[in-house]
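[1] the following comprises the amino acid sequence and a computationally predicted model.
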Amino acid sequence: MSLVQNRNIFTLLTGAAVLTGASVLLLKFLKKPDTNSTIDPQVIDREVIIKVLKELKKELFSVFQNFAAVAVNIKQQSMGRARPEDIKMMLLEQPMFRGEIEQVEEMVYTQFRITKQQFEHYCQHIYRDDPSVKELQKQMKESFDRSFSGQSPDPKTDIPAFLTADTTFEILEKVMTESALKLNEKLLEFQDRGEQINFQSPKMMEIMQSLKMDSSKKDILEQYGLNKFEDPGSKILQYATQVYSQQQNSSFNVKMKQLDMKYQSIMEQLIMQGPMSNEELKQRMEQVSQQQSSFPFQGVQDVQDVHVPQIPPKQEEQKQEEEQPQQAPLENGNEEPENQNQEAQQEQLQQVQQEEEIHVNQPQDNQAPEQQQVQEENQQSS
């Protein structure tokens, strides 16, 4: 396998580390149980253990979905030679994977005020024969195993009546804006410490992945009440995005394309020009929005062309003739440093866009059978 392929796979692996989540089912892959650890004599009800398992399952939905996408990419990079067991072994050997597992575990256990040892003890001993406990563990294990083969969990869920197309877009816009601001803050920290910003370094990959776990995104979903359902808010938002994207003659797709271009423009500025104050970044995002609203939207390319001065054909030919004598021919393999820098920056931009991709904003390829029913329900509730 070439150096480029190895580098790409490493990027995918480090990107996957934050996505795999944690559950008692995964612990056996990471370490042997501590037989000398003591268990707090506190009595924990069965209902609490079930709630913890359900919360882990909620957190693991987007985890397994993204993880399956990473597995598919690894297979492609390895030309199909990477088997599910190979991918599992490769991922579990990543130090970042272990650290993110502990982070997710700590979040859930703190929420329910129990320790990891207590949870493991009650799942493996006290309630090991409980049907509900066994079923929840089975579901998580099956999703975990399937993800190594590139199989995502079923994205279908119920869309609440209040989650209209306009509300869905409003949430997505807030999430993407918050992501850009958080990334800018991280880059400013690098700059203040005098560290070089390299978007392809493992440390930067770790920072990019930490943004996906940022609590501010979860707070946005909670502000709209998407945390009150059995399915995770990210799943509900994602499925709503999928359904509304499939509607014909809808302004939702138009606004989503504009939002994607706005986000891409800001990310490009951060990479090409470096970080800035959050106030300046907000102003630039507002400027991009104003530029988009100043021109009728007829497609991605049309909006991008607005920023490029148009030259009439005759003037263009004359300009090329005038410039041609001044251009010295370049030999193969001896490109100008400026072109090389531009190519390197473009490669970094593409890498960051892949790593910082917001999963809830990606509609699935699967068609939604319930699309018509959801539309009718939303219309009736309006």
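    Arrived safely, thanks for sending.
[2] show me where the stretch 151-300 of the chain dips below the pLDDT cut-off.
    Applying pLDDT under 70 to the stretch 151-300 of the chain flags residues 205-215, 292-300.
[3] let's see it at 50
    295-300 (pLDDT under 50).
[4] outline the domain layout of this protein.
    3-147, 165-307+338-381 (automatic domain parsing).
[5] which parts of the stretch 51-200 of the chain are helices?
    84-92, 95-112, 116-121, 131-147, 165-192 (DSSP state H, counting those that start in this stretch).
[6] what are the buried residues along the first one?
    This points to helix 84-92. Of the residues in helix 84-92, 84, 87-88, 90-91 count as buried by neighbour count, 16 or more other Cβ atoms under 10 Å. All C-beta atoms are positioned from the backbone trio N, CA, C, and that covers glycine.
[7] now it and helix 131-147, what's the angle there?
    Helix 84-92 and helix 131-147 meet at an angle of 100 degrees, taking axes from the mean of the first three to the mean of the last three Cα atoms, to 10 degrees as the criterion.
[8] so for helix 84-92, mean pLDDT?
    For helix 84-92, mean pLDDT is 82.
[9] could you do the shortest one as well?
    Taken as a whole, helix 116-121 has an average pLDDT of 92.
[10] list the buried ones in it?
    Neighbour-count burial for helix 116-121 [16+ other Cβ under 10 Å]: 116, 118-121.
[11] want to throw those into JSON lines with distance to Lys257?
    Listed next are these as JSON lines, based on distance: Cβ to Cβ, whole Å:
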{"residue": "Lys116", "distance to Lys257": "44"}
{"residue": "Gln118", "distance to Lys257": "49"}
{"residue": "Phe119", "distance to Lys257": "44"}
{"residue": "Glu120", "distance to Lys257": "47"}
{"residue": "His121", "distance to Lys257": "51"}
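[12] Met140: which of those is nearest?
    Phe119 (13.4 Å; Cβ to Cβ).
[13] pretty sure that closest one contacts Glu55?
    No. Taking contacts as Cβ atoms under 8 Å, Phe119 lies outside contact range of Glu55: 11.0 Å.
[14] and for the two, which residues touch both?
    Common contacts of Phe119 and Glu55 (Cβ atoms under 8 Å, 6 or more residues apart in numbering): none found.
[15] which stretches of the stretch 1-150 of the chain have low pLDDT?
    Ranges of the stretch 1-150 of the chain meeting pLDDT under 50: 1-25, 27-35.
[16] from the buried residues of helix 84-92, which is closest to Pro153?
    Closest approach to Pro153 among the buried residues of helix 84-92 (Cβ to Cβ): Pro84, at 15.9 Å.
[17] I'd say that closest one and Ser149 touch.
    Yes. Counting by Cβ under 8 Å, Pro84 does reach Ser149; the two are 4.7 Å apart.
[18] got the contact list for Gly274?
    Gly274 neighbours (Cβ under 8 Å, 6+ apart): 187, 191, 197.
[19] what's the angle from the helix or strand harbouring Lys217 to helix 165-192?
    If you go by DSSP states H and E, Lys217 is part of helix 215-223. For helix 215-223 against helix 165-192, the angle between stretch directions is 160 degrees (the same axes, to 10 degrees).
[20] tell me the helix or strand right after helix 215-223.
    helix 233-245.
[21] restricting to C-alpha, output that next one in CSV.
    Output of helix 233-245 as CSV, limited to C-alpha atoms (Å, rounded to 0.1, in the frame of the first residue of the first chain):
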residue,chain,number,x,y,z
GLY,A,233,-32.1,14.4,18.6
SER,A,234,-29.3,14.0,15.9
LYS,A,235,-31.2,11.1,14.4
ILE,A,236,-34.5,13.0,14.3
LEU,A,237,-32.9,16.0,12.8
GLN,A,238,-31.0,13.9,10.2
TYR,A,239,-34.2,12.1,9.1
ALA,A,240,-36.1,15.3,8.9
THR,A,241,-33.3,16.7,6.7
GLN,A,242,-33.6,13.6,4.5
VAL,A,243,-37.4,13.8,4.1
TYR,A,244,-37.5,17.6,3.4
SER,A,245,-34.6,17.2,0.9
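[22] that helix packs against which elements?
    Other elements packing on helix 233-245 under the criterion 3 or more Cβ pairs under 8 Å, 6 or more residues apart in numbering; DSSP states H and E are helix 46-77, helix 165-192, helix 215-223, helix 251-273, helix 371-381.
[23] swap in 6 Å and give it another go.
    helix 165-192 (3 or more Cβ pairs under 6 Å, 6 or more residues apart in numbering; DSSP states H and E).
[24] end to end, how far does stretch 73-89 reach?
    16 Å (Cα to Cα, to the nearest Å).
[25] closest one of the contacts of Gly274 to Lys257?
    Leu187 (26.4 Å).
[26] now do the closest one against Lys203, distance only.
    12 Å (Cβ to Cβ, to the nearest Å).
[27] neighbour count: these two, which is higher?
    Neighbour tally, Leu187 and Lys203, criterion other Cβ atoms under 10 Å: the higher count belongs to Leu187, 20 against 11.
[28] and that one, what does it touch?
    197, 275 (Cβ atoms under 6 Å, 6 or more residues apart in numbering).
[29] mind checking how far it is from Ser250?
    36 Å.
[30] many thanks, we can stop here.
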